[in-house]
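Asks: task: produce atomic coordinates for the following.
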Amino acid sequence: MILAAVTSSLVFSPSGRAVILTLAGALALTLLCAALSRRLRVPSIILFMLAGLCMGQFGLHLIRPENLGQTWEFLLMLGTEIVLFAAGLCLPPRGYRETTWETRGILTSGVLITWGLVALTLRLLIPAHSWSFCLLCASLVLSPGPAVIAPLLQRLHLRQRVHHVLYWESVLCDPIGAVLAILCFHIACLSAGDTTATVTPLIYHSIASALLGIVGGRLLAAFLRLPGLSGGGAPVALLAGAVVIPATSDYLMPGSGLLSALVAGLALGRQKLPTVLTVRRNRALLMESIAGPVILLAAAHFSTEHARILGWRGLLAILVVLLVVRPLNVFLSTAGGSLRTGDKLFLSWLAPRGVVPAVLAAAFAMQYAGAGASAETTRFMEAFVFVLIAASVAQGLSAGIVGRRLDVLDPHPTGWLIVGGHMLGRQVAAFIRDSGLQVVIVDEDAQAVAAARRERQRAITGSALAIALEDHPELYGVGHLLAITDSSERNLRICRRFAEERPDWKLYRWAEKESTAESAGPPPPPGQPVWTLLRAEDMQSVGEEADEPGLDIQSARVSDIRHPERVLLSRTGSLLTPSLPSSTDETLTVLIYRPLTVGLDLNVLPEWIS
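Replies: From the prediction side, this is the model:
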């Protein structure tokens, strides 16, 4: 994308050097803001906007989007199409089926309530704006964005029911809001250019755009399945498809590129391709790298003229959206559900808008001016959406304080994730479940997962190294990881991944004595090694037959346990650990590995002979 923008600048810009300096400055600031957001664990969009305001026309005038000329138009549309493609691609196919009744209410009646009330508020406060324009502005601020919500959810540790509603609302409402915004934009353009125009051609145009997107997504999926696409070829092909599909659609039907990009992403996202799963797992990084420069440059374009045009009426409309419309949406769309009043108040407070509305607002403002709208109208739309996004994200930063007051936080998650669906993993999970704690099994072997589900265990089919954690509501409330695959190296890689993505989790891993000794040394590898005397071959069949090693559940004091090295899990009260406490006077419930069996063929290791 950078190379294409620079090449375009040589053709359109009167000063290629100014274009290159502007792009380089924007990219450097984007990288700095992205790194800082991960350090502070705050949504990166707020830093992109602050950097753009400080370095752009509103501040120091160091980043000047006007220097880009027509390159800015090219870069903005290209970035918007790729962002929409990624938004559709990252939508989990089973997402709507996983939602609760309350979430479905927010996604259906809640969307209509927000859309109608925001448009009504704008129309009443600023009668000079047409209904079509008010509906367009309302469609851009419908829902929270997943790229903004995800870091907040990781930092807050919400209770399961609130976490579930917020996450799925942000993920599923993002494409819904994008489709609605694109349709409203075309209607607004018709109204701006020709007051006698009808929406019938728009309906046919939208259907054709969606069909082009479906065809493009299916063709791209077939191309990605070719055996020659291995290594780094698939991501390159995916990015090329995100550019070619909307460009082809725009060539065949002008104005259809945005909707085709979104639908193509949705169609491709339903295919179980390794590249798609990788993109889904790294959606935050993808959005930062693509949308970051666009949002920063759009914020740099913001000037004092935008603030003047927004005025006190625009600011009042933003306050109404945040403090009146959002609470009405939550309380009306979830009425009769299981959410407590405190849950609803918290959902009313936390609704930061994200990346998709920001890039769409910038793209629509540019195209709306070309359709005949006045500069004052387009600047109001940019100012309204960007200020509302900034205010909602800033509001979300206080969610920790609000969450503690409303008792929706779960500061110490007690659930367990067991990596390994073999016989040992299922028996360990049963012990944890019988202790009254949440437990989930994950395994790549579909048969092992099916066996776990037959035993009424919660299980996920997939690799612990690749699954997108936020896409699985079963994992809400998990705070412990126990990696017990039969490979010490794989368990270590799993712990490394979760140490990066979930630094507050407690990590444990099975490791053989030799691998534990080899991996020792500063700094220590992530994950506490446990059960080092257990043999890998025993995991598959432990306890399956009477003449094989098995597991026993006992209640005893620490001093009464003859072989503490055989203890796999110990429970005292609500505390459960994969080892034996060093000292306690309480009676423990322990899960003990039994290597010895009755018979002539004894299964004995030298370490277990007392």
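Asks: in which helix or strand does residue 361 reside?
Replies: Using DSSP states H and E, residue 361 sits within helix 355-370.
Asks: give the next helix or strand downstream of that helix.
Replies: helix 375-396.
Asks: in that following helix, what's buried?
Replies: By 16 or more other CB atoms under 10 Å, the buried positions in helix 375-396 come out as 377-393, 395-396. No exception for glycine: its C-beta is placed from N, CA and C like everyone else's.
Asks: and for stretch 421-436?
Replies: 421-433, 435.
Asks: ditto for stretch 207-225
Replies: 208-210, 212-217, 219-221, 224.
Asks: then it to PDB, C-alphas only?
Replies: Extracted C-alpha coordinates of stretch 207-225, given in PDB (Å, rounded to 0.1, in the frame of the first residue of the first chain):
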ATOM      1  CA  ILE A 207     -27.700  -6.500  -4.600                       C
ATOM      2  CA  ALA A 208     -25.300  -6.600  -7.500                       C
ATOM      3  CA  SER A 209     -22.500  -5.300  -5.300                       C
ATOM      4  CA  ALA A 210     -23.100  -8.000  -2.800                       C
ATOM      5  CA  LEU A 211     -23.200 -10.700  -5.500                       C
ATOM      6  CA  LEU A 212     -19.900  -9.400  -6.900                       C
ATOM      7  CA  GLY A 213     -18.400  -9.600  -3.400                       C
ATOM      8  CA  ILE A 214     -19.700 -13.200  -2.900                       C
ATOM      9  CA  VAL A 215     -18.200 -14.300  -6.200                       C
ATOM     10  CA  GLY A 216     -14.900 -12.500  -5.500                       C
ATOM     11  CA  GLY A 217     -14.700 -14.100  -2.000                       C
ATOM     12  CA  ARG A 218     -15.400 -17.600  -3.300                       C
ATOM     13  CA  LEU A 219     -12.800 -17.200  -6.100                       C
ATOM     14  CA  LEU A 220     -10.200 -15.900  -3.600                       C
ATOM     15  CA  ALA A 221     -10.900 -18.900  -1.300                       C
ATOM     16  CA  ALA A 222     -10.400 -21.300  -4.200                       C
ATOM     17  CA  PHE A 223      -7.200 -19.600  -5.100                       C
ATOM     18  CA  LEU A 224      -5.900 -19.800  -1.500                       C
ATOM     19  CA  ARG A 225      -6.500 -23.500  -1.500                       C
END
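Asks: ok, for residue 589, nearest residue in space, not its chain neighbours?
Replies: residue 571 (4.5 Å; CB to CB, 6 or more residues apart in numbering).
Asks: pretty sure the one you found is touching residue 435, no?
Replies: Yes - counting by CB atoms under 8 Å, residue 435 is a contact partner of residue 571 at 5.2 Å.
Asks: for those two, list the residues in contact with both.
Replies: residue 589 (CB atoms under 8 Å, 6 or more residues apart in numbering).
Asks: the helices in the stretch 51-200 of the chain, which residues?
Replies: Along the stretch 51-200 of the chain, counting by DSSP state H, counting those that start in this stretch, helices occupy 70-89, 95-98, 101-105, 111-125, 131-139, 146-156, 160-193, 200-224.
Asks: so which of those helices is nearest residue 403?
Replies: Nearest to residue 403, of all the helices of the stretch 51-200 of the chain, is helix 146-156, at 5.9 Å by CB to CB.
Asks: what helices or strands is the closest one leaning on?
Replies: helix 44-55, helix 160-193, helix 283-300, helix 375-396, helix 399-406 (3 or more CB pairs under 8 Å, 6 or more residues apart in numbering; DSSP states H and E).
Asks: can we see that at 10 Å?
Replies: Helices and strands touching helix 146-156, as assessed by 3 or more CB pairs under 10 Å, 6 or more residues apart in numbering; DSSP states H and E, comprise helix 16-40, helix 44-55, helix 70-89, helix 160-193, helix 283-300, helix 355-370, helix 375-396, helix 399-406.
Asks: and those: which comes nearest residue 108?
Replies: Among the helices and strands packed on helix 146-156, helix 160-193 sits nearest to residue 108 (CB to CB), with 9.4 Å.
Asks: circling back: Throw the helices and strands packed on helix 146-156 into a markdown table and include mean pLDDT, thanks.
Replies: Shown next, in a markdown table, are these (pLDDT from 0 to 100):
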| stretch | mean pLDDT |
| --- | --- |
| helix 16-40 | 84 |
| helix 44-55 | 88 |
| helix 70-89 | 85 |
| helix 160-193 | 84 |
| helix 283-300 | 81 |
| helix 355-370 | 87 |
| helix 375-396 | 89 |
| helix 399-406 | 88 |
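Asks: need those in a markdown table (columns: distance to residue 416).
Replies: Listed next are the helices and strands packed on helix 146-156 as a markdown table, based on distance: least, CB to CB, whole Å:
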| stretch | distance to residue 416 |
| --- | --- |
| helix 16-40 | 27 |
| helix 44-55 | 31 |
| helix 70-89 | 31 |
| helix 160-193 | 14 |
| helix 283-300 | 25 |
| helix 355-370 | 33 |
| helix 375-396 | 29 |
| helix 399-406 | 24 |
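Asks: just checking, what packs against the helix holding residue 361?
Replies: Helix 355-370 packs on helix 44-55, helix 70-89, helix 131-139, helix 146-156, helix 160-193, helix 257-269, helix 283-300, helix 375-396, going by 3+ CB pairs under 10 Å, 6+ apart.
Asks: from the ones you listed, which stretch is densest packed?
Replies: Burial of the helices and strands packed on helix 355-370 is given as mean neighbour count (mean count of other CB atoms under 10 Å); helix 257-269 ranks first at a mean of 28.
Asks: can I get that one in PDB? Just the C-alpha atoms.
Replies: What follows is helix 257-269, C-alpha atoms only, in PDB (Å, rounded to 0.1, in the frame of the first residue of the first chain):
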ATOM      1  CA  GLY A 257     -16.300  -1.200  -4.100                       C
ATOM      2  CA  LEU A 258     -17.000  -0.700  -0.400                       C
ATOM      3  CA  LEU A 259     -19.900  -3.000  -0.100                       C
ATOM      4  CA  SER A 260     -18.200  -5.600  -2.300                       C
ATOM      5  CA  ALA A 261     -15.100  -5.500  -0.100                       C
ATOM      6  CA  LEU A 262     -17.200  -6.100   3.000                       C
ATOM      7  CA  VAL A 263     -19.200  -9.000   1.500                       C
ATOM      8  CA  ALA A 264     -16.100 -10.600   0.000                       C
ATOM      9  CA  GLY A 265     -14.600 -10.600   3.500                       C
ATOM     10  CA  LEU A 266     -17.700 -12.200   4.900                       C
ATOM     11  CA  ALA A 267     -17.800 -14.900   2.200                       C
ATOM     12  CA  LEU A 268     -14.100 -15.700   2.600                       C
ATOM     13  CA  GLY A 269     -14.400 -15.800   6.400                       C
END
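Asks: what about that helix, distance to the chain center?
Replies: 18 Å (CA atoms, centre = their mean, to the nearest Å).
Asks: average model confidence for that helix?
Replies: Mean pLDDT, helix 257-269: 89.
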